[in-house]
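*Asks:* Sequence and predicted structure are below.
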Amino acid sequence: MAATSGPETSSSAVHFLYPDPQAELAGVALFQEVFWPRSGPELTRTRDGFSVVVARPPVDRMEYLFELRHPDGSRQLVCDPANPRRAPSPFGDKSVLEFPEYRAPEWSRVAPLPRGDSVDLEIPCPGLNASMRVRIWSPSGVSPARRLPLLLALDGLEYDLYSQLTQFLDYGVNGGVLPPLRAALLHPVRRDQDYSASPEFARVLAEEVIPQLEGLIPVRTGPSGRVAMGASLGAVAALHLQWERPGAVEGLLLQSGSFFNHHYFSQELPFDPVERICMFTERIHQAVTAVAPVPTALTCGVVEETLLASTAIASSLRRLRYRAELHRLRDAHNWVAWRDAFDPHLKDLLLQVFG
């Protein structure tokens, strides 16, 4: 095995180590997203700590934590003290193991200049009895009065913070790879409730949010004016918006979508509106026709529980004449995996829809 900064790796195995020279811990387990169960495997005590060797997973990078068990019965999730690589997320940093095959996209390593302009504001949403936080991104060097197509990003502030979305847009537009466009990064009000195929949320987006955005910024209207994107539950909300409100958007990027039904992990979702998602996906699977099929790119990690559901929904969308293609990623359910799929999958979708 070749020693790295952190776990030792070979072409077929990974050796995880956690130091405990004073034998202060009752146990240590790996906490990760590429094996099943996710909490595990258990590390074995050695003279200086804990150790486990696992088969090399079919991914190019792996985010993980260690779950420490203390003698008093308490548990604690921590990063690998021997590995300086970190991946940020809304729930805290994770340690990252990058295998030799992994290459971060070039655009993510180069800060593009000049950067576009971002403005944060709040849009009143009477249908939600709340206001929605929105960040409007506009490319540099474009007249503020010019009408441009619009990218709607659900969980948009997180997409920007953890997946470098506006940096990708800066890089693409400045380099002539993407057409000039604007982006509205939408922050959820009640994420589990609103993003779980909620008819009221789709109505609010179509009748309250989008019209207000078009009143604030010059948006190109017509058959190629808007694309929506989302990850996990955000992918469900994006597809539900397009399905329920034909014409609201003309293209979709759906990443690691939680397209569950009663055959696919519905019992594992830890919130009440799960039945609504199941009913929505069943409607798509059973539909004979669709009102307004649009170009749709789907991405999902090869080790995700959502892969089976994403495969099924992509197949049903193609049957309904959506130009839908599922792209399998050698990664898991995380923001860096979604970032790494922007090129080519978001890029190609924006070129296809916006021209």
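*Replies:* Noted; the coordinates are in hand. A quick note: this is a predicted structure, and the numbers were derived from the prediction, not measured.
*Asks:* quick one: secondary structure of F35?
*Replies:* coil (DSSP: H, G, I helix; E, B strand; the rest coil).
*Asks:* in its sheet, what does the helix or strand of the chain with the lowest mean pLDDT sit against?
*Replies:* Each helix and strand of the chain was given a mean pLDDT (mean pLDDT, DSSP states H and E); the minimum falls on strand 39-42 at a mean of 91. If you go by DSSP bridges, strand 39-42 pairs up with strand 27-32 (antiparallel).
*Asks:* does L169 really touch A183, like I thought?
*Replies:* Yes: counting by Cβ atoms under 8 Å, L169 touches A183, with 6.0 Å between them. Placement of C-beta: from N, CA and C, glycine included.
*Asks:* And the helices in the stretch 201-350 of the chain, which stretches?
*Replies:* 210-216, 233-244, 274-286, 307-319, 335-340, 347-354 (DSSP state H, counting those that start in this stretch).
*Asks:* chain center to the second one: distance?
*Replies:* So that's helix 233-244. Averaged C-alpha coordinates place helix 233-244 at 14 Å from its chain's average position (Cα atoms, centre = their mean, to the nearest Å).
*Asks:* sorry, back to before: and P19, which of the helices of the stretch 201-350 of the chain is closest to it?
*Replies:* Closest to P19 of the helices of the stretch 201-350 of the chain, according to Cβ to Cβ: helix 335-340, at 26.5 Å.
*Asks:* Provide a list of residue ranges in this protein with pLDDT below threshold.
*Replies:* Applying pLDDT under 70 to the chain flags the ranges 1-5, 264-271.
*Asks:* Centroid-nearest residue for this protein?
*Replies:* A231 (3.6 Å; Cα atoms, centre = their mean).
*Asks:* Can you give me the domain assignment for the protein?
*Replies:* 8-98, 107-354 (automatic domain parsing).
*Asks:* Check which helix or strand the residue nearest to N174 when sequence neighbours are not counted maps to.
*Replies:* Of all residues not flanking N174 in the chain, P112 sits nearest, at 5.3 Å (Cβ to Cβ, 6 or more residues apart in numbering). Of the helices and strands defined by DSSP states H and E, none includes P112.
*Asks:* check contacts around P112.
*Replies:* 167, 170-171, 174-175 (Cβ atoms under 8 Å, 6 or more residues apart in numbering).
*Asks:* Quick one: the residues you listed as CSV, columns for distance to E122 and secondary structure too.
*Replies:* Shown next, in CSV, are the contacts of P112 (distance: Cβ to Cβ, whole Å; DSSP: H, G, I helix; E, B strand; the rest coil):
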residue, distance to E122, secondary structure
Q167, 24, helix
D170, 24, helix
Y171, 28, helix
N174, 29, helix
G175, 32, coil
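*Asks:* Narrow those residues to those that are buried.
*Replies:* 167, 170-171, 174 (16 or more other Cβ atoms under 10 Å).
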